[in-house]
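Colleague: Below are the sequence and a predicted model for it; my questions follow.
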Amino acid sequence: MARVRIRFTKLGKVRWTSHRDVARMWERALRRVQAPLAYSQGFSPRPPISFGLALPTGHESLAEYLDVELADGEAGAAVVGDLPALTGRLSAALPEGVDAAAAAVLLPGASSLQEEVTSCTWEWTAVDAGGGTLDPAGLAGRCGELLA
């Protein structure tokens, strides 16, 4: 079984989608592109999809990650052999604002996403009531007004 790590973006209105809904969105997209996924055993088989840290609702991201396990056989090998085609097909199957940016095969025994994440970088932009960006001096003035 091959594991593939996919990097994706989440921008625009879709930022208001919850982490659980994003997971369902990916399950549907993988089904739509007919990716040869491995499935869990039991009464309710599920594709083994693992996400990194959950992005808070309302935030955009340029680098979210998920791992998927592909089924053994020719179909899985074909996907591994052409990962750029997979990302293109996935981007077309995902809603506007979510795009598959890159994919890579994980080596056997590779760490999980939760173990791999060592840091996150956040960028904040302060805007005024009209939607314009506030510079640091303008932000300091607004904070002073608020505290007064």
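Modeller: Happy to help now that I have it. Computed from a prediction, not measured in an experiment: that's the story for all the values here.
Colleague: Pull the residues that contact stretch 44-60.
Modeller: For stretch 44-60, the external contacting residues (Cβ atoms under 8 Å, 6 or more residues apart in numbering) are 9-12, 15-19, 22-23, 26-27, 30, 37-40, 61, 64-69, 112-114, 116-117, 120. Where you see a C-beta, it was placed from the backbone N, CA and C, and this is true even at glycine.
Colleague: can you do 7 Å?
Modeller: With contact meaning Cβ atoms under 7 Å, 6 or more residues apart in numbering, stretch 44-60 is reached by 10-11, 15-16, 18-19, 23, 26-27, 30, 37-40, 61, 64-69, 112-113, 117.
Colleague: Give me the subset of those lying in strands.
Modeller: Judged by DSSP state E, the contacts of stretch 44-60 include 10, 61, 64-69 as members of strands.
Colleague: Now list the buried members of those residues.
Modeller: Neighbour counting by 16 or more other Cβ atoms under 10 Å classes 10, 61, 64-69 among the ones in strands among the contacts of stretch 44-60 as buried.
Colleague: tell me which of the residues you listed is nearest to Glu96?
Modeller: The nearest member of these to Glu96, counting by Cβ to Cβ, is Lys10 at 11.1 Å.
Colleague: Hmm, that closest one is touching Leu66, no?
Modeller: No: using Cβ atoms under 7 Å, Lys10 is not in contact with Leu66; the gap is 11.3 Å.
Colleague: Val79 falls within a helix, correct?
Modeller: Yes: assessed by DSSP: H, G, I helix; E, B strand; the rest coil, Val79 belongs to a helix.
Colleague: Local confidence estimate at the nearest residue to Ala38 once chain neighbours are set aside?
Modeller: Of all residues not flanking Ala38 in the chain, Glu69 sits nearest, at 4.3 Å (Cβ to Cβ, 6 or more residues apart in numbering). Looking at Glu69, its pLDDT reads 90.
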